[in-house]
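Participant: Sequence unavailable; structure follows:
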């Protein structure tokens, strides 16, 4: 298992972010993705041994730390000029794998994120939800609605929601598989 370490886990995140640059890299994988939606991305995935480096509470849970550095060049279509951004992410893994395999796993996760979670966050407004009592049940309902739409061949969820809001018969025509 691999999980992104974010600022919502401040002790672990700060420890990894502060100590990782001093650790020797045990494997590295670099890729360049050009001409993708007006940007070029240079991605470096580095693997670090985590044994005896994160403290005793993480000793059995984390075998490797992965640092992903993305240098992205964005092209301004109006001026033709390029500007760059750099983003660094950290991941904790239970097993040690080659950097290329970690890179594939992380990219594979974003394929799922873009297809389902992004739709739930943006189109179904899950992040803006003010539901505080049993929010997981409403999240399940959103997932169930998304699954029904996908099972019925809907690719544009926003358009389907608009059409269904205008005509109740559309909603009733979907088959729950």
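Facilitator: That came through fine. The shown structure was predicted, so the numbers you read here are calculated from the model rather than taken from an experiment. Numbering: from 1, shown residues only.

Participant: all strands in the protein, in order from the N-terminus.
Facilitator: 2-5, 25-33, 39-49, 64-75, 82-93 (DSSP state E).

Participant: can you put these in a markdown table and add distance to residue 148?
Facilitator: Bear in mind the C-beta positions are built from the backbone N, C-alpha and C, glycine included. Output for those, formatted as a markdown table (distance: least, CB to CB, whole Å):
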| stretch | distance to residue 148 |
| --- | --- |
| strand 2-5 | 29 |
| strand 25-33 | 34 |
| strand 39-49 | 34 |
| strand 64-75 | 35 |
| strand 82-93 | 33 |
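
Participant: Looking at those, spot the one closest to residue 105.
Facilitator: Nearest to residue 105 among these is strand 2-5 (5.7 Å), distances taken as CB to CB.

Participant: Next, the buried residues of that closest one.
Facilitator: When neighbours are counted by 16 or more other CB atoms under 10 Å, the buried residues of strand 2-5 are found to be 2, 5.

Participant: And it, what does it pack against?
Facilitator: Judged by 3 or more CB pairs under 8 Å, 6 or more residues apart in numbering; DSSP states H and E, the packing partners of strand 2-5 are helix 10-19, strand 82-93, helix 99-112.

Participant: Let's see that with 6 Å instead.
Facilitator: The helices and strands touching strand 2-5, judged by 3 or more CB pairs under 6 Å, 6 or more residues apart in numbering; DSSP states H and E, are helix 10-19, strand 82-93.

Participant: Could you tell me which strands it is paired with, and in which direction each runs?
Facilitator: Partners of strand 2-5 in the sheet, by DSSP bridges, are strand 82-93 (antiparallel).

Participant: Dump the strands of the chain into TSV; add distance to residue 122 and mean pLDDT as well.
Facilitator: Listed next are these as TSV, based on distance: least, CB to CB, whole Å; pLDDT from 0 to 100:
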stretch	distance to residue 122	mean pLDDT
strand 2-5	19	88
strand 25-33	23	92
strand 39-49	20	91
strand 64-75	20	91
strand 82-93	20	92
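
Participant: so which of these comes closest to residue 58?
Facilitator: strand 82-93 (7.8 Å).

Participant: gap between the closest one and the chain center?
Facilitator: The chain centre lies 12 Å from the centre of strand 82-93; the measure is CA atoms, centre = their mean, to the nearest Å.

Participant: Let me know the distance separating residue 151 from residue 172.
Facilitator: Relative to residue 172, residue 151 is positioned 15 Å away (CB to CB, to the nearest Å).

Participant: still on that earlier bit, identify whichever of the strands of the chain lies nearest to residue 17.
Facilitator: strand 82-93 (6.5 Å).

Participant: Any buried residues in the lengthiest helix in the chain, and which?
Facilitator: Counting by DSSP state H, the longest helix found in the chain is helix 135-151. Neighbour-count burial for helix 135-151, counted by 16+ other CB under 10 Å, picks out 142, 145, 146, 149, 150.
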